[in-house]
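S.K.: quick one, what's the 3D model for this:
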Amino acid sequence: MSRTILTVLLIAGLIGGGYFYVNYEVETHYDNGKLAYVKITPRASGAAVPLPWQGPALPPARPLRPNIRIASFNLDRLDEHKLSNRRVSDVLLRVIPQFELIALQGLQGQNFGVLLRLVEQVNAITGRQYGYAACPPAPRGDSPPEYSAFVFDLAAVEIDRSTLQLVHDPAGRLRRPPLVALFRVRGPAEAEAFTFELINVQLDPQQPAAELDLLADLYRAVRDGPRSEDDIILLGDLGADENHLGRLGQIAGLSAAITSAPTTVRGMRRVDNILFDRRATVEFTGRAEVLDLMRECDLTIEGAAEISEHLPVWAELSAYEGGQSGHVPAVAVP
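M.R.: Below you'll find the model as predicted:
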């Protein structure tokens, strides 16, 4: 009798397991290498596997605009405590929605908590749907570690998440390995939409010259990589102006979008920029600026420095591959 019961239970288990496998999916989610939670969801009958461009639950594309703005902002060690400062959060909630995509540096924490909270606040205040893309920071002994991220309007820009990665740097020559990902503008037909690859960088202020030389090799590796994307945009905190980029500045055709105004709150240096090959990225409209937080948000210098010692920089690009007629080229890096 006991053998019969065991056989029946075994058959029932196999049938139940098979039914579960066919009809349900199990997603295991980790946080900092530790099991966070397990999600069980029904399989959609006959559902197609989403392509890398097809993010989950993308909102409808925004009404087509001819141009998009891409920005960079070093948040200077933004953590949960700093974000809880009302002045800091109010300024960020005014800055981020001005751009379709913004590369952030200087986020700090053991996980993406501060980034998620920031994006949730932006969405709540604007009624739009921004998403983010980031990779866990490479261990470097920082406590807590700093990391970079992309924050973007899901209705205006989409990411190929299969391309999202930190630059592989086993020798540890880059204190903060750059974050790389491929994007495409939403709205135009796929064959006409502007696609571009971003390299989000934050150089070590103690050794910017050595890291700038390494960035030259990285830029060429991304440009000449298997994706054959010609619009490679390197943006972030370079620790130097466009005239002191070392071997990076010697790349033929490389241009700086910001060439005159300082990018620090105290107006002493120009260290943040947006670089691209002017011959390839003809989508650049010629418009690029440093966002003056003091004027924009009615802040004193000290008040702006409470948010960051850096100012946001941005460039405008056509939503269409190939750009628009009459565009003004960027100034080439000497």
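
S.K.: flag the shaky bits of this protein, pLDDT-wise.
M.R.: Across the chain, residues meeting the criterion (pLDDT under 70) sit at 1-57, 138-142, 324-334.

S.K.: let's go with 90 and repeat that
M.R.: 1-65, 110, 136-145, 168-175, 204-210, 225-228, 323-334 (pLDDT under 90).

S.K.: could you point out the longest strand in it?
M.R.: Ranked by number of residues, the top strand in the chain under DSSP state E is strand 67-78.

S.K.: so what strands line up beside that one?
M.R.: Each strand that pairs with strand 67-78, with its direction, by DSSP bridges: strand 101-108 (parallel), strand 313-318 (antiparallel).

S.K.: buried ones in it, by neighbour count?
M.R.: Residues 67-76, 78 are the ones in strand 67-78 that count as buried (16 or more other Cβ atoms under 10 Å). In short, each C-beta sits where N, CA and C put it, glycine included.

S.K.: in the following helix or strand past that strand, what's buried?
M.R.: Reading on from strand 67-78 to the C-terminus, the next helix or strand found by DSSP states H and E is helix 80-83. The neighbour-count criterion (16+ other Cβ under 10 Å) identifies 82-83 as the buried residues of helix 80-83.

S.K.: what comes into contact with helix 80-83?
M.R.: For helix 80-83, the external contacting residues (Cβ atoms under 8 Å, 6 or more residues apart in numbering) are 88-89, 92, 109, 113-114, 117-118.

S.K.: beyond it, next helix or strand please.
M.R.: Scanning the chain past helix 80-83 towards its C-terminal end, the next helix or strand to appear is helix 86-95 (assignment: DSSP H and E).

S.K.: which helices and strands does that next one pack with?
M.R.: Identification of packing neighbours for helix 86-95 by 3 or more Cβ pairs under 8 Å, 6 or more residues apart in numbering; DSSP states H and E yields strand 67-78, helix 80-83, helix 113-126, helix 293-296, helix 301-307.

S.K.: what angle do the first one and helix 113-126 make?
M.R.: Read that as strand 67-78. Taking axes from the mean of the first three to the mean of the last three Cα atoms, to 10 degrees, one finds that strand 67-78 is oriented at 130 degrees with respect to helix 113-126.

S.K.: verify the stated contact: S308 with L92.
M.R.: No. Proximity of S308 to L92 does not meet the contact threshold set by Cβ atoms under 8 Å, at 9.6 Å.

S.K.: mutual contacts of these two, please.
M.R.: Residues touching both S308 and L92 (Cβ under 8 Å, 6+ apart): L75.
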